[in-house]
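In: Sequence first, then the predicted structure:
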Amino acid sequence: MIIMVDNLVMDRYVEESSLKMNEKSKQHIRTLLTKFFGMKPDVAYNDLTRQDLIEMLSAFNATSIITFNSEKSKMNDFMKWMVEEGYGTDEPLKILGDITFFDLDRSHLYDRYYFRDYEELHNTMDEAFSERGSEFDTFRSAAVLVWFGIEIKYLSNILKEDIYEDEGYVVHPETKEKIMLPPLAMYVLINYRDSDTYDSSKFGGSVMTYAKSKFLFRSYKNAQFTTAQITNISSSANRAAEEIGKTFQWNKIYLNGIYNRMYQYEQEHGDLSRSDFDKLKAFFGKPDLKSTSQHKMDMARKFEEYQEFKEHMYS
């Protein structure tokens, strides 16, 4: 019997699944299932091959193991239900279980979300924001600081006086660490810090005056941006970047900066390994996990992701 995963099958699963789902969760899993099986609409369920399932999982564009495992787990639950309800054999389920994050081809994601070094990030912003004046100076400055290791949740507390252009560093607002910046990055921050006005697309296009403030991140009406406001400025930046096939995502910019520093370290000191716990901790920061063993596993996972990044970006 030829089994096809159609809308009726997915609807029945959503309604009868043992998962306890609210309406939002039902809609989410329905969207995931539609996207997953929509990749191979003409392939019978029992005929799905390993390569088919790899391509189907790749459609989720997962850029971290955690995200991949979460999405794979949802597909795994559905496929178990398929077997239990007599919709097919357990062969696709077995194949799915053997597929890992590193089996996926995510080269297109690296091309879209990541940068070889800070200079490439800088040049990409120049290209995306060309002929846009100073409208995106706030975004540029935030991207600089995130790249060099200040998480976005700390940016709103950075003061103008935390930028030491003569010494070439910025003081981290939380840790008080001195973060060294290259001249190109420092130029971006100084230019933004010292500007009184900026070009804006608001109100049909005009020159806006920044609110007087001791804080670096501000606007014409806010003397201090909130974290949410800084996070949201990527929306307009990405509309501009879409034309050149790039996407700016804060977490990926942050990780990209870490990966680049790891690569520079390896060029000078030799290759890191997943067992270099103390060295990896220096790059990835203090643990959020209570258990040392959990943290080591997390470091090992991040190291594996770095290895793949390095292979794609620097080979």
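Out: Done, it's in.

In: Please give me every residue in contact with residue 3.
Out: Residue 3 sits next to 44-46, 82, 87-88 when contact means CB atoms under 8 Å, 6 or more residues apart in numbering. Heads up, the C-betas are built off the backbone N, CA and C, glycines and all.

In: buried subset of those?
Out: Buried by 16 or more other CB atoms under 10 Å: 45, 82, 87-88, out of those.

In: Strands - which of the residues you listed land there?
Out: Applying DSSP state E to those, no entry is found in strands.

In: From the residues you listed, pick the one nearest residue 285.
Out: The shortest approach to residue 285 among the buried ones among the contacts of residue 3 belongs to residue 82, at 41.7 Å (CB to CB).

In: What distance do you get for that closest one to residue 252?
Out: Distance, residue 82 to residue 252, by CB to CB, to the nearest Å: 34 Å.

In: One more: residue 293?
Out: Distance, residue 293 to residue 252, using CB to CB: 27 Å.

In: Check residue 266 too.
Out: Using CB to CB, we find residue 266 at a distance of 20 Å from residue 252.

In: Repeat that for residue 66.
Out: 14 Å.

In: So which of these two has more stuff around it?
Out: Between residue 66 and residue 252, counting by other CB atoms under 10 Å, residue 252 is the more crowded of the two (20 against 12).

In: is it true that that one touches residue 112?
Out: No: using CB atoms under 8 Å, residue 252 is not in contact with residue 112, being 9.4 Å away.

In: quick one, what contacts residue 272?
Out: Residue 272 touches 262, 265-266, 279-280, 303, counting by CB under 8 Å, 6+ apart.

In: What of residue 109?
Out: Contacts for residue 109 were tallied using CB under 8 Å, 6+ apart; they are 61, 63.

In: pLDDT score assigned to the closest residue to residue 308 other than its chain neighbours?
Out: Leaving aside its sequence neighbours, residue 308 sits nearest to residue 102 (CB to CB, 6 or more residues apart in numbering; 6.5 Å). pLDDT, residue 102: 86.

In: can you check residue 18 too?
Out: pLDDT, read off for residue 18, is 57.

In: swap in residue 296?
Out: For residue 296, pLDDT reads 82.

In: count of neighbours near it?
Out: Residues lying near residue 296 (other CB under 10 Å) number 17.

In: who touches the host helix or strand of it?
Out: Under the criterion of DSSP states H and E, residue 296 resides in helix 292-314. The contact list for helix 292-314 (CB under 8 Å, 6+ apart) reads 64-65, 102, 106-107, 110, 114, 116, 255-256, 258-259, 262-263, 272-274, 277, 280-281, 284, 287, 289.
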